[in-house]
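[1] Only the shape, not the letters, is given here:
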């Protein structure tokens, strides 16, 4: 009897376990600054959306390797006051993909720290390229008020405005 119970257990329980397992979908984007993304396409898509919505584009150049890049990503995607006012583009810069072509096209300086913020008007004209040192509250965090002031200020600039 014990043997029969054991055989039934061996055949029934594993089959139920195997049918009850959920198939997990692979993570679509495990990167914040995806080194495998087509940065040129992302920028072109953002510019098309910006033209339709009459918004500026905020390009953030950085990488998952950078503490400050990850912090900036969190601030911009967590706080809707920033996200709703700009078309956001996150461009990777890392040993895996330096995105040299698009970064040269955007005139990104190679001697600045990361992340680098680039504000483009709806037509793709550059309004500002800067690092984020002036937006830091302390050695571990960005200041929400400084970031809000920054995004509000550049939101209204046009390519022919004086800075």
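    That came through, no problem. This structure is a prediction, so every number in the text was calculated from the model and none was measured.
[2] contacts, neighbours, all on C-alpha from now
    Will do.
[3] if I pick residue 144, what's in contact with it?
    Shown in contact with residue 144 (C-alpha atoms under 8 Å, 6 or more residues apart in numbering): residue 75.
[4] which residues in the chain form strands?
    For the chain, the strands defined by DSSP state E cover 56-62, 86-92, 116-120, 126-131, 136-138, 141-142.
[5] lowest-confidence helix or strand of this structure?
    Sorting the helices and strands of the chain by mean pLDDT, DSSP states H and E puts helix 2-20 at the bottom, at a mean of 50.
[6] tally of neighbours for the residue lying closest to residue 77 once chain neighbours are set aside?
    Counting by C-alpha to C-alpha, 6 or more residues apart in numbering, residue 83 is the residue found nearest to residue 77 once chain neighbours are left out, at 6.1 Å. Neighbour count of residue 83, defined by other C-alpha atoms under 10 Å: 15.
[7] Does residue 83 touch residue 75 like I think?
    No: judged on C-alpha atoms under 8 Å, residue 83 makes no contact with residue 75 at a distance of 9.3 Å.
[8] Give me the below-cutoff pLDDT ranges for this structure.
    Within the chain, the ranges that satisfy pLDDT under 70 run 1-29, 82, 159-163.
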